[in-house]
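Colleague: A structural model of the following input is requested.
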Amino acid sequence: MHQGSLALLLHAHLPWVRHPEHEEFLEEDWLFEAIVECYIPLLKMLRRLVSDKAPVKLTFTLTPPLCAMLRDPLLQSRAERYIARGLELAGKEIDRTAPDAAMRDVARHYHYRLSEALEFYVREINRDIVGAFAQLQADGIIEIITCGATHGFLPLMEVVPEAMRAQILIACDYHRECFGKSPEGIWLPECGYVPRVDTLLQEANLRWFVVDAHGLMYGEPRPRFAIYSPYFTPAGPAVFGRDRESSKQVWSAREGYPGDPAYRDFYRDIGMELPEDYLRSVLPDTGCRRNTGFKYHRITGSPDKQIYNRAWAMAAADHHAGDFMHARIRQFENLKSMLPIEPVILSPFDAELFGHWWYEGPEFLELFLRKAAYDQKTFRLTTPGDYLRGNTTQQMLSPSPSSWGNKGYWEVWLDRCNSWIYPHLHAAARRMTAAARKHSRAPSDSTQRYLRQLARELLLAQSSDWAFLMKTGTAVEYATKRTQDHILRFNKLHELLETGQANDEFLSACEERDNIFPNLDWRHYL
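Modeller: Below you'll find the model as predicted:
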């Protein structure tokens, strides 16, 4: 008999960044880097497990804006161009590093990886990463869940409940469009929860969601089994608590596995070090230096970094996978000695950790999944949906307001540096709701186009990523401009709609630039 169930959850999300008005746009590299370093390696790893009939299960969040970008023909063609450029640069790097055998081995490794990535992306899956994940769900190895439509932080929309509702219902609509079935679960953006969210989830027929540990521990009444059991909320959907012990062991760069000296150093990139003339012979000039993904050094405790050794890194990944498995065995054995139930541990991570921030992450994950499947019998791998199907009776509990941000509440997304955005977002949400109600009866095709684009601009402005980037000091100018631009476009479209002044040229330009959710149902704001 197993003594518990482990539910690994990988949250894959990137903000909507698409700029057809520019031939090259630096921030689009966020998506292309994730495709090459994270999504393709994870897909290939999961396909190997399916081929080997390994008895493993895990859960993926594929957020609506990420899916929309992955399905967009313009971004797909630019992703292919990005990989091809990397492959060309790898050929140049093999020649440049010829005098140093250790560095040349790393350059050859990159050439091999990029060659495989291009073959996989273009020929094996025809650029359809969303479809490849959908097939893995059909194969039964993963459960795919949704998120807020644009990863909007729901607690800070509470003053306009219609905006919270639309974020959830539009997300579910788009999930069905992408995967051919309704999602059973949702990753609340930033794990942000306030009372009433469970009612909206019930309306959307979502069966479960996740909060941070204190969201359960401060719930009413107190949870009988801490965070090691799901609980039913008053509205119906079940809530799982995030386990910090297991997740910290992996994601913490200081205390976790990614900081091991054998692993590749994320920060030493040739794009910041080699002569710009050399790089421009392959890469476009965007007016500033950019990361290339070519990193030759491993993590060491001194400024004098040593050259990355792939074999050493793989040995470390194997050791850490075994250590993570044994740590979970000890954790389950300890829990079983204290609890009268079979506990479940939900361990979530940002998917981009595996491959992008932690280069060896996909290999670590595959090694762990295989070890967990074949080398132990203390716990089983599961998904929250599967766990609920086997455990239908649970305590009822009202979670506490919470998030997984710093200090557990709203301070990351509501700070001096970003608080200015919310009066504008709330005003726009109220106008959106009023416009939807005003025009709900027999609207013309033109009016519906305006209402759909109003909703798109509002949703994109609400993305939690912009407030987060302002708070962290990363890409502040871009995050500020994105928020302002969406609000300005919303206000102009709203004025055109309400005054009856047709401006099809401006509307068409907005539809081309911000073309997320082509079948968006604006009636969700009613």
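Colleague: other SSEs contacting the helix or strand of the chain with the lowest mean pLDDT?
Modeller: Least confident helix or strand of the chain, by mean pLDDT, DSSP states H and E, is helix 244-251 with a mean of 85. When contacts are defined as 3 or more C-beta pairs under 8 Å, 6 or more residues apart in numbering; DSSP states H and E, helix 244-251 packs onto helix 310-338, strand 344-350. Any C-beta I mention is one placed from the backbone N, CA and C, and that applies to glycine too.
Colleague: tell me the contacts of Leu493?
Modeller: With contacts defined as C-beta atoms under 8 Å, 6 or more residues apart in numbering, Leu493 is in contact with Tyr450, Gln453, Leu454, Glu457, Phe506, Leu507, Cys510.
Colleague: Can you select the buried ones from the residues you listed in PyMOL?
Modeller: Selection command for PyMOL covering only the buried members of those, criterion 16 or more other C-beta atoms under 10 Å:
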select buried, resi 450+453+454+457+507+510
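Colleague: Which of the contacts of Leu493 sits closest to Leu367?
Modeller: Relative to Leu367, the closest of those is Glu457; by C-beta to C-beta it sits at 44.6 Å.
Colleague: could you check the angle helix 310-338 makes with the least confident helix or strand of the chain?
Modeller: On the basis of axes from the mean of the first three to the mean of the last three C-alpha atoms, to 10 degrees, helix 244-251 is oriented at 180 degrees to helix 310-338.
Colleague: What residues of helix 244-251 count as buried?
Modeller: Ser246, Ser247, Gln249, Val250, Trp251.
Colleague: Show me which of the contacts of Leu493 is closest to Pro443.
Modeller: For these, the nearest to Pro443 is Tyr450 (8.9 Å; C-beta to C-beta).
Colleague: which one of the helices and strands packed on helix 244-251 is the most hemmed in?
Modeller: strand 344-350 (a mean of 22; mean count of other C-beta atoms under 10 Å).
Colleague: pretty sure His214 contacts Trp404?
Modeller: No - contact status for His214 versus Trp404: not in contact, 9.5 Å apart, counting by C-beta atoms under 8 Å.
Colleague: just to revisit the earlier point, out of the helices and strands packed on helix 244-251, which gets nearest to Ala428?
Modeller: Nearest to Ala428 among those is strand 344-350 (28.7 Å), distances taken as C-beta to C-beta.
Colleague: any idea which helix or strand comes after the closest one?
Modeller: helix 361-374 (DSSP states H and E).
Colleague: Please work out the angle formed by the directions of that following helix and strand 344-350.
Modeller: Inter-element angle recorded for helix 361-374 and strand 344-350: 160 degrees (by the same axes, to 10 degrees).
Colleague: C-terminal to helix 361-374, what's the next element?
Modeller: strand 379-381.
Colleague: Quick one: list the elements packing against that following strand.
Modeller: Using 3+ C-beta pairs under 8 Å, 6+ apart: strand 379-381 touches strand 4-12, helix 310-338, helix 361-374.
Colleague: For Leu42, find the nearest of these.
Modeller: Smallest distance to Leu42 across the helices and strands packed on strand 379-381 (C-beta to C-beta): 5.5 Å, for helix 361-374.
Colleague: on contacts alone, who are the packing partners of that closest one?
Modeller: Packed next to helix 361-374, using 3+ C-beta pairs under 8 Å, 6+ apart, are helix 40-51, helix 310-338, strand 379-381.
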